[in-house]
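Asker: The sequence and its predicted three-dimensional model are supplied below.
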Amino acid sequence: MRKVYSSPKTDLVYFAKSVLEANNIESVILREQLAGVVGGIAPLDAWPELWVHDAERLVEARQLLEASMAKSETLDKPWQCQGCGEKIEAQFTQCWKCGTEFWLSES
């Protein structure tokens with residue numbers, strides 16, 4: 001097994017695991033329960049880690065995660081509606097003014 005990803009945010013580790021599962025790459029999350037430990041170990045040592053079973057797919061797994069994380073970061077930014085030009089906050093996928101969908105206007 002080889003470590004492919006680690007984060008202080010458990011939800012991101014689970015997101016990464018789901019990306020790998022969607023691509024038929026077996027993985028396991030380790031250290032998940034250490035996130036609540038206080039004292040005795042460095043915070044970085046308590047982060048949950050995602051490990052892939054097949055070391056030969058490590059490079060592929062890292063590439064998939066890098067691409068997925070980059071896409072997810074772009075979803076955290078405001079977008080401009082191509083239907084009417086209104087600036088829309090990142091959490092919304094539809095323009096409040098004209099109803100244009102984000103996925104249709106940004107693809």
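Answerer: Received, thanks.

Asker: what packs against the helix ranked longest in the chain?
Answerer: Longest helix of the chain, by residue count under DSSP state H: helix 58-74. Based on contacts counted as 3 or more Cβ pairs under 8 Å, 6 or more residues apart in numbering; DSSP states H and E, the elements that helix 58-74 packs against are strand 2-6, helix 10-22. (Each C-beta comes from the backbone N, C-alpha and C, glycine too.)

Asker: Output those in a markdown table; the columns should cover mean neighbour count and distance to Glu66.
Answerer: Compiled in a markdown table, the helices and strands packed on helix 58-74 are given as follows (neighbours: other Cβ atoms under 10 Å; distance: least, Cβ to Cβ, whole Å):
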| stretch | mean neighbour count | distance to Glu66 |
| --- | --- | --- |
| strand 2-6 | 18 | 10 |
| helix 10-22 | 16 | 10 |
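
Asker: Can I get those in CSV including mean pLDDT and distance to Glu32?
Answerer: Converted to CSV, those look like this (pLDDT from 0 to 100; distance: least, Cβ to Cβ, whole Å):
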stretch, mean pLDDT, distance to Glu32
strand 2-6, 94, 11
helix 10-22, 90, 7
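
Asker: Next, format those as JSON lines and append distance to Glu49.
Answerer: Converted to JSON lines, the helices and strands packed on helix 58-74 look like this (distance: least, Cβ to Cβ, whole Å):
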{"stretch": "strand 2-6", "distance to Glu49": "5"}
{"stretch": "helix 10-22", "distance to Glu49": "7"}
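
Asker: Done for today, thanks.
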